[in-house]
Each structure stands twice: as C-alpha cells, then as structure tokens.
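J.: test case, fold it:
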Amino acid sequence: MTFYKRHIILGFLAFAGCIAGMTGCTKLDITPVSSLTPANFPQTPAQFIAAAGPIYTKFRGGPDRSYWITANIAADENVMVARGGNWFDGGIYAAINLHTYDQDNSLILNNWTWGFGTISTCNQVLSLFSTVAESTAKAQTVAEIKTMRAMSYFYMMDLYGNIPVSKTFGDTTNLATQSRAQVFAFIESELLEQIPNLSTTVNATTYGRPTKYLAYAILAKMYINATYYVGTDRNADAVKMCDNIISSGKYALDADYLGMFKPNNGPQIKDFIFAVPFDNVQALGQYYARFTMHPALRAKYSMPYSPAGPIYSYSSYYALYTDSKDIRRKQYLTGKQYTYAGVPITVTTTNKGLDDNYSGPNPTGTVVHQLEFTPDIVWRNNATFDIGNDELANEQGYRNIKFYPDSTSTVRDQSNDLPMFRYADILLTKAEAILRGAAATNGETALSLVNTVRARAQASALTAVTLPVILDERGRELAMEMWRRNDLIRFGQYEKPWGIKTNADPQRRIFPIPKSEIQLNPKLVQNPGY
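T.: Below is the predicted model of the structure:
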C-alpha cells in the first residue's frame with residue numbers, strides 16, 4: 001500500500017476507540033460513550049478529521065461485504081450460486097437474485113444496519129462537536145459529516161424507499177417512516193446547504209472524504225433517478241451537477257482502466273470522486289477476489305488463501321462487450337486458463353469429482369483437467385439454487401476480477417480501494433440526461449460523452465447513441481461497481497428474466513423493511529408487497 005493510503009487510513013483510525021458507533025436507527029436514544037472531553041476536543045484540521053474517523057469506519061462496513069454482494073447479485077450481472085449446499089445459507093443470496101426476498105433476509109438487515117448505523121454515528125459525532133468552538137476546520141468537518149450522513153440516506157432511500165429521517169442523536173420523536181419524496185427533499189437540501197463549506201481540494205489530503213464534488217455527484221444521481229424516485233423530471237439539474245464536476249478540471253479518465261482497481265490504487269486515480277479506502281492490515285473486509293476466483297488460480301495470482309469463487313457472471317452480461325478491442329473485457333476470466341508463462345492451469349481430480357454424472361467403470365480414476373470457464377450456468381435444483389459441487393460446476397460462469405487479487409496480503413483481505421462515485425459515471429450520467437430531454441451544454445453531446453468513455457477503453461467510437469446504448473455502456477464501464485440494480489430500475493429493466501429468475505413484480509424495486517427493525521420501532525411502516 002502507498003504511503004498516502006496508509007496515512008489516510010491511520011488518520012481515520014486515530015479516534016476509532018473514542019466513539020462507540022450505534023448500529024441502527026431504532027437505537028438513537030442510547031447515551032453516547034466517548035473518551036472525548038472538553039480538554040481534548042479537536043482544534044486543528046487534522047484532529048477534526050481524526051475525530052470523524054469512526055464515521056468512515058462504520059461506512060466501510062457496507063461496501064466491504066453486504067451491500068457490495070447485494071448490489072452485484074440483485075440484477076442481471078452476477079449470481080452467487082449454491083454448490084452442493086455450499087453458499088446456500090438458507091437461500092439469502094438466491095432470494096436476492098430471484099427477487100423472492102422477504103423481511104427476514106439477513107443481507108437486507110445487514111444493509112439497513114450499515115446505513116442507519118452510519119447515520120447514527122454521524123449524529124453522535126455531530127452532538128459531540130456541538131460544544132466545540134466555531135472555526136473554519138470545524139465548519140468543514142461538520143459539512144463533511146453531514147454529507148456522509150446525506151450519502152447514507154441516499155443509499156437507504158434507494159434500497160428501501162420510505163424510511164425515517166433523524167438529524168439529532170438521541171432523538172426518539174422522528175422515527176416514523178417518511179415518504180421517499182420527503183427523504184429526497186431532505187437529502188437534496190442537506191447537500192446544497194453543505195456545499196459552501198466543503199473543500200474543492202482533490203488530492204491525498206481529501207481522499208476518502210467528502211468534497212464539493214461528491215455532493216454534486218450524489219445530487220446528479222438523485223436527479224437522474226428523480227422521475228422514478230419522486231415522479232419529477234430533474235434531468236436538467238442532473239446536467240448542471242455533472243457540469244459542476246466536469247468544469248472543475250479536477251478529474252480525468254485515467255489511461256489504465258484495469259489499473260484503477262488494483263491493490264495499489266488510491267489518491268493518484270483521477271477518475272475517483274469518492275472511494276472507500278481499504279488496507280490488508282489496517283482497514284480489513286475487502287476480499288472480493290475470494291468471491292470470484294477459482295481455487296486453482298491461487299498460485300498464478302499469488303493468493304495467500306484458497307478462494308471459494310461462488311459469484312459467477314452471467315454470460316448475457318458479458319455479451320455486452322461486443323467490441324473485441326475493448327480492454328474492459330479483460331476484467332473477465334473466460335475459457336481455458338493459463339499461467340503467465342502460457343502453461344495450462346490444471347486441476348487433478350477423479351472422474352466422478354470432475355463430473356457427478358459420470359457413470360463409467362472407474363469413478364475414482366484420476367483425471368487431470370485444464371481449468372476452463374464456460375459461459376452457461378445450469379441449475380440442478382432450482383429450489384436450493386444448486387448447480388452441483390463437481391469440478392465442471394465449479395467452472396461454470398465467467399469470473400470478474402476487476403478488483404485484482406492482492407499478492408502483498410498475508411490474509412484474504414485486499415488493499416484495493418472501492419470507488420463509490422467515478423468521473424466516467426458522471427460523463428455517462430450527463431449523456432443520459434441529455435437523451436432524456438435536458439439541453440446539451442459546453443459543446444458536449446450525448447454521443448461525444450459516451451465516445452470519450454469508450455476511447456479510454458480503446459473501444460471503437462459509436463456513430464449514434466440511444467438510451468438502450470447508454471444502459472449497455474454503463475454495464476460495460478461500471479461492472480462490479482454496485483450500480484446495475486439502480487440502472488435497471490431507472491431503465492425499466494429490473495423486472496426482466498435472467499438465469500432462473502421469473503419474478504416480475506415491480507414492488508421488488510425496493511427492499512422490505514427488516515422485520516426485526518419493525519419490532520424494535522413500531523413507527524416503521526412496511527413497504528407494499530411484503
């Protein structure tokens with residue numbers, strides 16, 4: 001890990017023991033436990049940043065696992081299969097992909113806890129700051145905390161629709177469900193209010209923290225989805241927010257697309273507007289390669305553990321990459337696998353271990369088989385989401401390794417930072433907003449914006465662009481980055497079939513409020529259809 005990444009993470013961790021973050025919006029009346037006293041309240045900018053550290057630690061707990069998995073398997077992009085009962089886990093992953101989830105699904109509960117736990121921690125830190133003398137450093141840090149809180153509300157609104165909004169730690173009077181329109185209005189006003197106090201500096205000193213441009217990016221996402229969220233066309237506002245980012249000159253499309261997601265990424269990446277820093281020693285929890293890699297690839301990628309690889313990519317999603325020159329295709333492992341020296345990677349097993357359907361005379365006979373990822377996923381038992389546990393089943397489905405294995409790690413944790421908002425996404429969002437009726441600005445058309453993104457990927461320029469083309473380009477550019485569900489909903493494609501999914505209920509566009517949260521907070525109202 002670079003010096004800058006380690007410095008950033010250690011800064012966030014400095015006060016991690018000072019503030020005990022809460023876990024849910026239903027527990028806002030718990031007395032804060034803190035070792036902060038008037039004698040050691042933060043005064044310098046560095047001290048304010050460190051004092052806000054528990055917020056970033058709490059926020060990291062969603063993208064590291066539950067939210068990343070949910071967002072990546074809820075759509076037509078990936079699936080977490082069960083193999084002979086392994087990874088079935090009571091059907092929680094299958095339900096997300098099949099859209100049969102209910103209020104008892106633990107992934108849905110984990111996401112709720114992540115978002116509202118971060119919100120509660122923000123409120124707690126803000127309450128501790130209330131007696132600190134006013135200063136420029138305090139004003140900026142408070143704006144950053146409120147932006148983190150607004151971003152958390154954005155994710156919760158996107159996932160659950162109608163949710164409670166609380167702005168004060170210990171407040172038990174605002175725990176009732178509010179409409180999505182009310183939540184949208186709160187997030188919008190909160191972000192607009194914070195922008196004047198947020199920094200315009202984009203370098204290692206602000207990496208992993210909110211800047212003005214993160215606020216603009218969140219607003220751009222809200223406005224491009226506003227027709228779905230609140231029934232109002234805000235595409236012109238989406239263009240305005242995108243232009244605020246583009247015209248700043250602070251961001252660019254890094255030449256090395258694949259390199260942006262490797263373990264040594266960090267503040268040097270010009271495409272990242274906001275990223276969650278991870279480290280294989282100091283900031284644990286990111287081990288995406290464990291979910292997509294095959295055990296036989298361990299040696300090639302110098303992995304210190306044997307990966308399990310239950311997340312497969314649908315072949316129909318990989319088919320989006322129609323241009324053979326598109327370097328984004330290289331984030332996928334397809335077909336026969338070889339070492340870097342060109343030697344076939346093999347798996348030694350038995351005839352029966354290779355194929356459970358083997359019925360020949362020598363089921364225990366040894367066979368050496370070259371690892372080969374095949375496009376199709378074949379379920380043997382739909383009820384248990386089981387594709388079998390033989391070697392051929394383990395090689396079904398293409399594998400995405402965008403978040404490249406960390407060969408410097410001694411454990412399964414990786415140091416690849418996770419971008420939540422990227423400049424390329426902003427360019428595509430502006431292009432989409434123009435196609436949806438907003439006026440083009442600054443000489444940029446929907447076609448020119450899309451071709452700018454494609455040029456970085458070394459894909460051929462398009463001669464025309466439509467909304468379906470935008471959706472496909474977003475799929476190519478943002479694979480494994482947790483936006484596909486959001487995109488499909490906005491484009492009216494979330495109800496389409498994929499894999500063995502047939503559920504077309506539009507009420508599945510939002511997740512149920514977890515039953516345990518309703519039991520804790522009777523003021524919550526369950527979403528329709530659950």
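J.: need the helices for the stretch 1-150 of the chain, in chain order.
T.: For the stretch 1-150 of the chain, the helices defined by DSSP state H, counting those that start in this stretch occupy 3-13, 45-51, 53-60, 66-73, 92-98, 106-129, 136-160.
J.: what number of residues lie near the nearest residue to residue 508 once chain neighbours are set aside?
T.: The shortest distance from residue 508 to any non-neighbouring residue, by Cβ to Cβ, 6 or more residues apart in numbering, is to residue 99 (4.3 Å). All C-beta spots, glycine's among them, are computed from the backbone N, C-alpha and C. As a burial measure, residue 99 scores 18 neighbours (other Cβ atoms under 10 Å).
J.: just the pLDDT for residue 99.
T.: What the model reports as pLDDT for residue 99 is 98.
J.: picking that back up, residue 279 is nearest to which of the helices of the stretch 1-150 of the chain?
T.: For the helices of the stretch 1-150 of the chain, the distance to residue 279 is smallest for helix 3-13, at 5.2 Å, taking Cβ to Cβ.
J.: neighbours of residue 418, how many?
T.: Neighbours around residue 418, by other Cβ under 10 Å: 23.
J.: low-confidence ranges in the protein?
T.: Scanning the chain with the threshold set as pLDDT under 70 gives 1-40.
J.: what ranges do the strands span in this protein?
T.: When assigned using DSSP state E, the strands of the chain occupy the ranges 78-80, 272-276, 311-313, 332-333, 335-336, 346-350, 366-370, 372-373, 399-400, 418-422.
J.: reformat the ones you listed as TSV; add distance to residue 522.
T.: Formatted as TSV, the strands of the chain follow (distance: least, Cβ to Cβ, whole Å):
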stretch	distance to residue 522
strand 78-80	33
strand 272-276	34
strand 311-313	37
strand 332-333	47
strand 335-336	55
strand 346-350	54
strand 366-370	57
strand 372-373	49
strand 399-400	42
strand 418-422	33
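J.: residue 441 is nearest to which of those strands?
T.: Across these, closest to residue 441 is strand 272-276 (Cβ to Cβ), at 19.2 Å.
J.: other residues contacting that closest one?
T.: Here strand 272-276 makes contact (Cβ atoms under 8 Å, 6 or more residues apart in numbering) with 56, 59-60, 63-64, 207-208, 210-211, 213-214, 217, 245, 251, 260, 265, 269, 417-423, 426.
J.: gap between residue 374 and residue 505?
T.: With the distance defined as Cβ to Cβ, to the nearest Å, residue 374 ends up 31 Å from residue 505.
J.: surely residue 227 touches residue 237?
T.: No - counting by Cβ atoms under 8 Å, residue 237 is not a contact partner of residue 227; they are 11.8 Å apart.
J.: so between those two, which is more surrounded?
T.: Comparing residue 227 with residue 237 by other Cβ under 10 Å, the one with more neighbours is residue 237, at 19 against 14.
J.: now the more buried one: closest residue in space, sequence neighbours ignored.
T.: According to Cβ to Cβ, 6+ apart, the nearest residue to residue 237 is residue 223 (4.4 Å).
J.: my guess is residue 513 contacts residue 521, does it?
T.: No - using Cβ under 8 Å, residue 513 makes no contact with residue 521, being 9.2 Å away.
J.: of these two, who's got more company?
T.: Taking other Cβ under 10 Å, residue 513 and residue 521 do not tie; residue 513 has more neighbours (24 against 19).
J.: just give me the neighbour total for residue 495.
T.: 16.
J.: distance check, it against residue 229.
T.: Relative to residue 229, and taking Cβ to Cβ, residue 495 is found at 17 Å.
J.: so who does residue 445 touch?
T.: Per Cβ under 8 Å, 6+ apart, neighbours of residue 445: 431, 434.
J.: how about residues contacting stretch 91-104?
T.: So stretch 91-104 is in contact with 69-70, 73-74, 79-80, 82, 87-88, 105-108, 310, 384-385, 499-501, 503, 505, 508, 511-515, 518, 526, 530, going by Cβ under 8 Å, 6+ apart.
J.: from the residues you listed, which would you call buried?
T.: Neighbour-count burial (16 or more other Cβ atoms under 10 Å) is assigned, among those, to 69-70, 73-74, 79-80, 82, 87-88, 105, 107-108, 310, 385, 499, 501, 508, 511-515, 518.
J.: need the contact list for residue 479.
T.: 77, 317, 328, 331, 400, 402.
J.: can you pick the most crowded of those residues?
T.: residue 77 (29 neighbours).
J.: how far away is it from residue 295?
T.: Relative to residue 295, residue 77 is positioned 23 Å away (Cβ to Cβ).
J.: so how far is residue 450 from residue 325?
T.: Here residue 325 is placed at a distance of 16 Å from residue 450 (Cβ to Cβ).
J.: mind checking which of those two has more residues around it?
T.: The neighbour comparison of residue 325 against residue 450 (other Cβ under 10 Å) goes to residue 450, with 25 against 10.
J.: returning to what we had before: of the helices of the stretch 1-150 of the chain, which is nearest residue 281?
T.: Taking Cβ to Cβ, helix 3-13 is the member of the helices of the stretch 1-150 of the chain nearest to residue 281, at 8.5 Å.
J.: just checking, the residue nearest to residue 237 touches residue 234?
T.: Yes - taking Cβ under 8 Å as the definition, residue 223 is a contact partner of residue 234 at 3.8 Å.
J.: burial of the closest residue to residue 482 other than its chain neighbours, as a residue count?
T.: Sequence neighbours aside, residue 71 is the residue nearest to residue 482 in space, at 3.6 Å (criterion: Cβ to Cβ, 6+ apart). Residue 71 sits with 25 neighbouring residues when counted by other Cβ under 10 Å.
J.: tell me who's in contact with residue 71.
T.: Each residue near residue 71 by Cβ under 8 Å, 6+ apart is listed here: 482, 483, 484, 485.
J.: looking at those residues, which one is closest to residue 47?
T.: Closest to residue 47, out of all of the contacts of residue 71 and judged by Cβ to Cβ, is residue 482, at 32.5 Å.
J.: residue 264 versus that closest one, what's the distance?
T.: 22 Å.
J.: measure the residue nearest to residue 508 to residue 140 for me?
T.: 42 Å.
J.: let me see the contact set for residue 224.
T.: When contacts are counted by Cβ under 8 Å, 6+ apart, residue 224 touches 234, 235, 238, 429, 432, 433, 436, 490.
J.: in helices, which of those fall?
T.: 235, 238, 429, 432, 433, 490 (DSSP state H).
J.: can you put the residues you listed in a markdown table and add distance to residue 463 and neighbour count?
T.: Formatted as a markdown table, the ones in helices among the contacts of residue 224 follow (distance: Cβ to Cβ, whole Å; neighbours: other Cβ atoms under 10 Å):
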| residue | distance to residue 463 | neighbour count |
| --- | --- | --- |
| 235 | 24 | 21 |
| 238 | 25 | 26 |
| 429 | 22 | 25 |
| 432 | 18 | 27 |
| 433 | 21 | 28 |
| 490 | 25 | 23 |
